[in-house]
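**Q** Pasting a predicted model and its sequence here:
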Amino acid sequence: MKLVTCGLPYANGKAHIGHLRTYIPADVYVRYLRLKGEDVVFVCGSDSHGTPIVVNAEQQGLKPKELVDIYHEHFQEIFRNLKIEFDFYGRTDSDYHHERTREIVKKMIEKGYVYPKEIELAYCPNCERFLPDRYVEGICPYCGAEARGDECDQGCGRHLEPGEILKPRCKICGTPAVFRKQKHYFFKLSAFKDFLEDYLEKLKGTENALNYAKEWVRKELKDWCITRNLEWGVKFPGEEDLVVYVWVDAPIGYISFTEKACEKLGKDWREIWIEGKAEIIHFIGLDIVYHHCIFWPAMLKAADYALPSAVVASGMVKVEGKTFSKSRGYVVWVDEDYLNEGFNPDCLRYYVVNYTSHQKDLNFSWEVYKEKVNNELIATLGNFIYRVLHFAWRNFGEVKMNVDGEVVEQIRLAMEKIEEAIEKWEFKEASDAFMELASYGNVYFQNSQPWELIKNDPESAERAVASCLALVRALAILAYPVLPSTMEKIGKLIGLDVRKAKLEDALKIPDKIKVEKPFVPFEKIEDEKIAKMEKKLKERIEKAEKGVEERELVTIEEFGRLDIRIGRIIEAEKIKGSKKLLKLRIDLGGEIKQAVAGIAENYSEEELKGKLVVVLANIKPAKIRGVDSEVMVLAADVDGRAILLTPEKEVPVGVKVR
RNA sequence: GCCGAGGUGGCCUAGCUGGUCGGGGCGACGGACUCAUAAUCCGUAGGUCGCGGGUUCGAAUCCCGCCCUCGGCACCA
């Protein structure tokens, strides 16, 4: 038995193409497994807890549950449309999930893997509550950038433990927060270092996931704070005013959803999660490898549950060659950009699966989409199926299945390729295999020339058609996991129920096949449609760029607080061990100040000497890599490259900029 | 700087346990055909397989050094 899961979609935003990179391949995988006769349970559900949902709901005047309701329904609708069919799709704010979570946390406590610790937490005196995670805004203790309570999202990207953030403010009301002592609970992750090192050696899955995880474990494992001050979530056993951290309860959804799925399917979930009789395979995005390869197995081990056998991580998604980014507009929404535009769901499944290897970056481009649909799905696959069915239907109606042995051999080869590819989670290889078979079919049809034979030698014509029909029938089965809607309908035309078919049925050719009037399997994508979609995307990107520029306004007084002056660089020296940093001595007229600037990639020490630059003279001094920096050199930021500002005419050093 | 993944004809890409090492797809060009959604089929297009060394009888494939791209981290006052 196998259990396949997908990373739970967070129920506070709409489905986009990035999500599909996990769900479509997982669904394809499950369908192939079932085709091979494997017993599979396939589950997923909405991740309903956590601070962002609480904050979002509040901002929209909704209760958290109401917000989750919206996106829970939304995702299910998307999955229905794309034929991503889970045996059970749950949500983590349900009773059964809370029960399972509490049971597991209790077990972790009983076994001594959880301990309380007083930590200093941000508290908002105005809102009268503790500010967990993203309720807090402040300064990152590592890099000094503006940061959220749980993560330095603008700066170094580090994960922040509760209480670490500096200068915390309340995100809701902006009031400076005070630190108060609070008891929280920690999971002894550090105790699992040896276990994890060993476990990760045995864990299967894609290399991208395993490599990351091994590296992390090798470095350092810190104990993990697993409680939060929130109302919304799973109550922490024995401390009911605390809630379990969302990353503790979310993966437990894999278990609680399996319970429900098994109830439905008449199976015993314990065989999977307690007795370890099944293979557990997690499909995830690269961004949550840490949780699935480290936190999660440690938790399961602590609570005496079965361990996952494979973690399959997909590569990143790009849009028109650029890094996927909702805020910058590089996004393709599944509903408004695809389904609502009338595009065929099967075509998107094919694109996602066939663009590249599962581990590599997938680029979504409308131009490429058009090419793949028109040149591959239509010209190769659809055309072959249609020309054969149409010819058979018009000339024979029913065909005696006298099939060329060479054709049977080709089908067998394609099946083998698919089976091998699926073992490796290489869905592109699998889909290439049936496309090659279709291509072979086109050659076979072309060379046989049944349209000529039919004139004088109908029997030979029928034999040729029979062989091609055998290929069509095989294609309906082999391509079904990727193109379920289309292939189901194709199957019906030749009396085949592909939903009940097994892989080997592709070789069990019936004596006769009756062909019904066929339809065109895929509609051609027109250039105008693609142009329209590209325009839509472009406008979205432009709008996003503008949004960034429309900043809040600053008063002249506020600006006046900045002491910006012209200085002359008199010395420049590289800082050891750093690629970007230079130590500069700057003459500000009357005083020499030292600055550390990240400009070494664009400027050499020599060319800097004597250069006039613009300097922020009253910035708070800091130490960077152990070097004092008293002032800040201003520069234009061109995609992360620093371009220095310099006065257009020679001016005395020390003069004020305003 | 550290870790990971990569650099193969215009573009995407297979091969990377060393000897059919130069494949496939798209695009382009020429031809054939008409059953099929101007779809299909056949043929052609000369790319130092990132750079420089080395090992070997022989390397895209192994070793060393270097360059570049992407992702993660450090860091850019």
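**A** Yep, that arrived.
**Q** Quick check: mean pLDDT of stretch A:232-239?
**A** The pLDDT scores in stretch A:232-239 average 94.
**Q** Identify each buried residue in it, please.
**A** A:232-237 (16 or more other CB atoms under 10 Å). C-beta here means a position set from N, CA and C on the backbone, and glycine is covered the same way.
**Q** and the residues you listed as JSON lines, adding secondary structure and distance to RNA strand B?
**A** Converted to JSON lines, the buried residues of stretch A:232-239 look like this (DSSP: H, G, I helix; E, B strand; the rest coil; distance: CB to the nearest atom of the strand, whole Å):
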{"residue": "A:Trp232", "secondary structure": "coil", "distance to RNA strand B": "27"}
{"residue": "A:Gly233", "secondary structure": "coil", "distance to RNA strand B": "25"}
{"residue": "A:Val234", "secondary structure": "coil", "distance to RNA strand B": "28"}
{"residue": "A:Lys235", "secondary structure": "strand", "distance to RNA strand B": "32"}
{"residue": "A:Phe236", "secondary structure": "strand", "distance to RNA strand B": "28"}
{"residue": "A:Pro237", "secondary structure": "coil", "distance to RNA strand B": "32"}
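**Q** what residues does stretch A:522-531 touch?
**A** If you take CB atoms under 8 Å, 6 or more residues apart in numbering as the criterion, stretch A:522-531 is touched by A:341, A:344, A:346-347, A:366-367, A:369-370, A:373-374, A:377-378, A:381-382, A:486.
**Q** Run the chain-centre distance for it.
**A** 27 Å (CA atoms, centre = their mean, to the nearest Å).
**Q** Just the endpoints, please. Distance across that stretch?
**A** 20 Å (CA to CA, to the nearest Å).
**Q** A:Val317 contacts A:Phe364, correct?
**A** Yes - shown here, A:Val317 and A:Phe364 form a contact pair, counting by CB atoms under 8 Å, at 6.5 Å.
**Q** Now the common contact residues for the two.
**A** A:Ile17.
**Q** Which one of the buried residues of stretch A:232-239 is nearest to A:Lys301?
**A** Lowest distance from A:Lys301 to the buried residues of stretch A:232-239 (CB to CB) belongs to A:Pro237, with 19.1 Å.
**Q** Could you double-check that that closest one sits in contact with A:Glu110?
**A** No - using CB under 8 Å, A:Pro237 makes no contact with A:Glu110, being 9.9 Å away.
**Q** so what's the residue nearest the centre of chain A closest to, chain neighbours aside?
**A** The centroid of chain A falls nearest to A:Gly285 when counting by CA atoms, centre = their mean (3.9 Å). Leaving aside its chain neighbours, A:Gly285 sits nearest to A:Thr22 (5.4 Å; criterion: CB to CB, 6 or more residues apart in numbering).
**Q** and the one you found, how many neighbours?
**A** 26 (other CB atoms under 10 Å).
**Q** try A:Leu616
**A** 15.
**Q** what is it paired to in the beta sheet?
**A** Note on A:Leu616: beta-bridge partners by DSSP bridges are A:Ile564, A:Met632.
**Q** any idea how far A:Ile586 is from it?
**A** Applying CB to CB, to the nearest Å, the value for A:Leu616 to A:Ile586 is 11 Å.
**Q** can you check A:Arg180 too?
**A** A:Arg180 sits at a distance of 43 Å from A:Ile586 (criterion: CB to CB).
**Q** So between those two, which is more surrounded?
**A** Neighbours were counted for A:Arg180 and for A:Ile586 using other CB under 10 Å; A:Ile586 has more, 27 against 13.
**Q** Would you mind confirming that the residue nearest to A:Gly285 is in contact with A:Leu8?
**A** No - using CB under 8 Å, A:Thr22 and A:Leu8 do not qualify as a contacting pair, with a distance of 10.1 Å.
**Q** which stretches of the stretch 351-500 of chain A form helices?
**A** Along the stretch 351-500 of chain A, the stretches classed as helices by DSSP state H, counting those that start in this stretch are A:366-371, A:383-395, A:405-423, A:427-448, A:450-456, A:458-478, A:484-493.
**Q** Look at the closest residue to A:Ile599 other than its chain neighbours and give its secondary structure.
**A** The shortest distance from A:Ile599 to any non-neighbouring residue, by CB to CB, 6+ apart, is to A:Ala642 (4.4 Å). Using DSSP: H, G, I helix; E, B strand; the rest coil, the structure places A:Ala642 in strand.
**Q** Mark out where each domain of chain A begins and ends.
**A** A:2-102+A:239-314, A:103-198+A:206-236, A:380-514, A:556-644 (automatic domain parsing).
**Q** And those: which comes nearest A:Asp335?
**A** Closest of the domains of chain A to A:Asp335 is domain A:2-102+A:239-314, at 6.7 Å (criterion: CB to CB).
**Q** Need the distance between the two termini of the closest one.
**A** 19 Å.
**Q** where does chain A have its least confident helix or strand?
**A** strand A:146-148 (a mean of 64; mean pLDDT, DSSP states H and E).
**Q** what's the following helix or strand after that one?
**A** strand A:166-170 (DSSP states H and E).
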